[in-house]
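K.L.:
just the structure for this:
(chains A and B)
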Amino acid sequence: SQQGEEDPQALSIQEGENATMNCSYKTSINNLQWYRQNSGRGLVHLILIRSNEREKHSGRLRVTLDTSKKSSSLLITASRAADTASYFCATDANNAGNMLTFGGGTRLMVKP
Amino acid sequence: GAGVSQSPSNKVTEKGKDVELRCDPISGHTALYWYRQSLGQGLEFLIYFQGNSAPDKSGLPSDRFSAERTGGSVSTLTIQRTQQEDSAVYLCASSHRTASYEQYFGPGTRLTVT
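P.N.:
Numbers count the residues shown, from 1 in each chain, chains lettered A, B, ... in the order given. This next block holds a predicted model:
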């Protein structure tokens, strides 16, 4: 079974609105990463948050991590049509060797 | 510098044939990963190479799947006697050290087994 589960599975918003995606995981982690995928091909790393961090920002991205709830959220502010993509969380579980476990992803559509 | 490259970008093969997928990681990256992504799904871990250590093969779905990494650089994923359920996008990624670091992905190989 997947370590990470994203919620919602699909999200459709208007340009300029904020988009929030959530990720839940099952085991203790070293860090949690968010990736973006366009058109079902290669993934692009967005941001990494360590288990001892609670919030991290990068441009229009804001990531939070709540290890007590085993959950993370990715907020994209002032969304643009170019943000349309699938977004995946990935965890580096501290008892899983060197494997990253990816969730099923959230498909975000930003309408112009 | 050059990113991770994969070849071919698309491969159509008949059921029962063998296929080889190639990955060229970023120069200097010691860790290399193979994943499989079925249509509309998340990524499924297949195999992980780290330096000269024995690979982590725990994600390989059957003994028809194998992979090698020559000289600590280029990797080849081989699927023998392909089945229709092997149809997927096969993604390769490399990272500087381990999964604790960000992974850089190639564009993937879309495999279709007819």
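K.L.:
show me where chain A has strands.
P.N.:
Using DSSP state E, the strands of chain A run over A:5-7, A:10-14, A:19-24, A:29-37, A:43-50, A:55-58, A:61-66, A:71-76, A:85-93, A:101-102, A:106-111.
K.L.:
adding mean neighbour count and distance to residue B:46, write those strands out as TSV.
P.N.:
Every C-beta, even on glycine, is put in place using the N, C-alpha and C of the backbone. As requested, those are exported to TSV (neighbours: other C-beta atoms under 10 Å in any protein chain shown; distance: least, C-beta to C-beta, whole Å):
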stretch	mean neighbour count	distance to residue B:46
strand A:5-7	20	20
strand A:10-14	14	26
strand A:19-24	20	22
strand A:29-37	23	17
strand A:43-50	18	15
strand A:55-58	12	29
strand A:61-66	18	27
strand A:71-76	20	25
strand A:85-93	24	15
strand A:101-102	24	12
strand A:106-111	18	23
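K.L.:
now the weakest link among these, please, by mean pLDDT.
P.N.:
With a mean of 82, strand A:5-7 has the lowest mean pLDDT of the strands of chain A.
K.L.:
adjacent strands (with direction) for that one?
P.N.:
strand A:19-24 (antiparallel) (DSSP bridges).
K.L.:
what pLDDT, on average, does stretch B:74-88 get?
P.N.:
Computed over stretch B:74-88, the average pLDDT equals 97.
K.L.:
CA atoms only: put it into CSV for me.
P.N.:
Output in CSV follows, covering the C-alpha atoms of stretch B:74-88 (Å, rounded to 0.1, in the frame of the first residue of the first chain):
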residue,chain,number,x,y,z
VAL,B,74,24.4,4.2,-17.0
SER,B,75,21.6,1.8,-16.0
THR,B,76,19.6,-0.6,-18.0
LEU,B,77,16.2,-2.0,-17.0
THR,B,78,15.3,-5.2,-18.7
ILE,B,79,11.9,-6.8,-18.9
GLN,B,80,11.8,-10.3,-20.2
ARG,B,81,8.8,-12.0,-21.8
THR,B,82,6.7,-8.8,-21.6
GLN,B,83,3.1,-8.9,-20.6
GLN,B,84,0.3,-6.4,-21.3
GLU,B,85,0.3,-5.4,-17.6
ASP,B,86,3.9,-4.2,-18.0
SER,B,87,2.6,-1.3,-20.1
ALA,B,88,3.4,1.9,-18.2
